[in-house]
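[1] This is a predicted model, with the sequence first.
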Amino acid sequence: LAPFSTYISFHEHLTDMYKTLSGPERIHWFPIWLWWNYSMILPTRATELLLTPRNCLSAEDTEHPLLTVRKTFLKHGRKQVTYTIGGDYERCSFPIPKAMANEIRWYMDATAGYRQSEVDTLFVPEGRARYFNYTRMRSLLTEGLVKFGLNNIRLGDTRHLAMISLALAGNAP
């Protein structure tokens, strides 16, 4: 992991930048914003977040919205790989802050007219890609790190930071 000050600096830069964005720029940076804000709370693999279903928010309880993500069955080799989303991932729902749900709703509305993912994911694909994939997400993170004058942050880091945070709060990871 990078020095902790790198993560604090990244958070400050991302938060400040994202507040000023609108339209296409906000859509462009939304995957990184959601990755950072969601996976810092709940330990989540980047691939799991990238496979978040398009219709991922519960509409039932607006005070305590639920975000549905796909979590892998393949941890620790407990299951045979099927190489399908339905066979290798299960849908799980978790409560999220109302502000995060509002931002996800904004993204869904803002990208409603865009070409949608061929595998029913929240993030809209770019170019000829079938979905917004790990390679594109890593490239977007690198773009942000260069923009902020930082380095040494990887997509998998937030999962470890969230686990440390859970442990420090007295919870069982």
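    Ah, there it is.
[2] Bridge partners for Pro95, pull those for me.
    In this entry, Pro95 is beta-bridged to Leu66, by DSSP bridges.
[3] Please tell me how far it sits from Leu168.
    For Pro95, the distance to Leu168 equals 21 Å [Cβ to Cβ, to the nearest Å]. For every residue, glycine as well, the C-beta is placed using N, CA and C.
[4] same check, this time on Thr82
    Distance from Thr82 to Leu168, by Cβ to Cβ: 36 Å.
[5] Show me which of those two is the more surrounded one.
    Thr82 (12 against 8; other Cβ atoms under 10 Å).
[6] Checking the more buried one next. Helix, strand or coil?
    coil (DSSP: H, G, I helix; E, B strand; the rest coil).
[7] what does Glu143 give?
    Applying three-state DSSP: Glu143 is helix.
[8] Which pLDDT value belongs to it?
    If you check Glu143, the pLDDT there is 97.
[9] With Thr15 instead?
    97.
[10] and if you look at Thr44?
    For Thr44, pLDDT reads 88.
[11] what about it, distance to Ser165?
    In terms of Cβ to Cβ, Thr44 sits 13 Å off from Ser165.
[12] again with Leu21
    27 Å.
[13] what's Gly144 in contact with, if anything?
    Neighbour list for Gly144: 10, 13-14, 29, 32 [criterion: Cβ atoms under 8 Å, 6 or more residues apart in numbering].
[14] Quick check: buried residues in stretch 22-29?
    26-27, 29 (16 or more other Cβ atoms under 10 Å).
[15] quick one: which of the residues you listed is nearest Ala2?
    Trp29 (20.2 Å; Cβ to Cβ).
[16] Quick check: phi and psi on the closest one?
    Torsion angles at Trp29 (phi, psi; degrees, to the nearest 10) stand at phi -90, psi -10.
[17] cool, Tyr107 as well?
    Dihedral angles (degrees, to the nearest 10) for Tyr107: phi -60, psi -40.
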